[in-house]
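Chemist: have a look at this fold, sequence not included:
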């Protein structure tokens, strides 16, 4: 069975940002997302794979038998856009996406050009729903 590429590493988040992020706007947005996701989740940022900054973790197992760990909420400051990885588990979250602001979406990713393009209270609700979905209610995270 193939090994999961996105695994926790002990690499420095700040070192990654300093090496990888080339635009001042993307750096500012990355630091903003780190502070927001840290506050909302109660978890410190950690590197997952070479380019994903994650908060918390959960274990998954598919019917195929493939299993592993993944961050509960995370993002990557990719060159084309900030890529948000947030589980959108229910119909309530589909409605929230309608109010999120300017973004594009694929099956598992939300692509944002800049943080100013999105509604932060809506992003917070999406993140809190993902944390709750993965069994991490705020009272038990610290």
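Modeler: Sure thing, it's come through. Values in this document were obtained by computation on a predicted structure and should not be read as measured data. Residues are numbered from 1 along each chain as shown.

Chemist: now do the helices in the chain.
Modeler: In the chain, the helices defined using DSSP state H lie at 13-20, 24-41, 91-98, 120-133.

Chemist: helices or strands next to the third one in the packing?
Modeler: Going back to what we said before, that points to helix 91-98. On a contact count with 3 or more CB pairs under 8 Å, 6 or more residues apart in numbering; DSSP states H and E, helix 91-98 meets helix 120-133. Bear in mind the C-beta positions are built from the backbone N, C-alpha and C, glycine included.

Chemist: quick check: buried residues in the helix it packs on?
Modeler: The neighbour-count check on helix 120-133 (16 or more other CB atoms under 10 Å) flags 122, 123, 125, 126, 127, 128, 129, 130, 131, 133 as buried.

Chemist: need the residues you listed in CSV (columns: pLDDT and distance to residue 61).
Modeler: Compiled in CSV, those are given as follows (pLDDT from 0 to 100; distance: CB to CB, whole Å):
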residue, pLDDT, distance to residue 61
122, 97, 30
123, 97, 28
125, 95, 27
126, 95, 24
127, 95, 23
128, 94, 24
129, 92, 21
130, 92, 18
131, 93, 20
133, 89, 16
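
Chemist: between those residues, which sits nearest residue 63?
Modeler: Closest approach between these and residue 63, by CB to CB: residue 133, at 18.7 Å.

Chemist: thought residue 9 was touching residue 52?
Modeler: No. Between residue 9 and residue 52 there is no contact under CB atoms under 8 Å: 9.6 Å.

Chemist: neighbour count for those two, which is higher?
Modeler: Taking neighbours as other CB atoms under 10 Å, residue 9 and residue 52 compare with residue 52 leading, 22 against 13.
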